[in-house]
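[1] let me see the structure of the following:
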Amino acid sequence: METMTIQFDKQNAALQQLMQLFLTLGGHIIEQTAETEEYDPEYVAMIKKSHDEIKAGKGKAIKTKDLWN
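    Coordinates of the predicted model:
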């Protein structure tokens, strides 16, 4: 038996049907993983620092509706 790795978008209906066909023909899923997105730790630290500064009164929060006025 051969092993192959397949990466596909679960929202694509045609690819979901292809996977069903694969399973119907006797194929087996050995490992199924979800792709995760990781954020840059420096970016996350910068955003957290900004939130903490706002909470401490060191900045000014501007409402989205007021940006263009």
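[2] so Gln11: helix, strand or coil?
    coil (DSSP: H, G, I helix; E, B strand; the rest coil).
[3] what is the burial count for it?
    Using other Cβ atoms under 10 Å, Gln11 is surrounded by 7 other residues. Any C-beta I mention is one placed from the backbone N, CA and C, and that applies to glycine too.
[4] let the chain start at 280 from now.
    In the new count, where the first residue is 280, that last one comes out as Gln290.
[5] quick one: contacts of the longest helix along the chain?
    Longest helix in the chain, counting residues (DSSP state H): helix 320-334. Outside helix 320-334, the residues that touch it by Cβ atoms under 8 Å, 6 or more residues apart in numbering are 338, 340.
[6] average pLDDT for that helix, rounded please.
    Here helix 320-334 scores 91 as its mean pLDDT.
[7] with stretch 296-309 instead?
    89.
[8] how far off centre is that stretch?
    25 Å (Cα atoms, centre = their mean, to the nearest Å).
[9] quick one: end-to-end distance for it.
    Stretch 296-309 has its terminal residues 18 Å apart, counting by Cα to Cα, to the nearest Å.
[10] what does stretch 333-346 give?
    End to end - Cα to Cα - stretch 333-346 spans 17 Å.
[11] could you do stretch 283-302 as well?
    14 Å.
[12] same question for stretch 282-300.
    17 Å.
[13] go on, stretch 285-301?
    Using Cα to Cα, the end-to-end distance of stretch 285-301 comes to 11 Å.
[14] how about that stretch: buried residues?
    For stretch 285-301, a neighbour-count test (16 or more other Cβ atoms under 10 Å) marks Met298 as buried.
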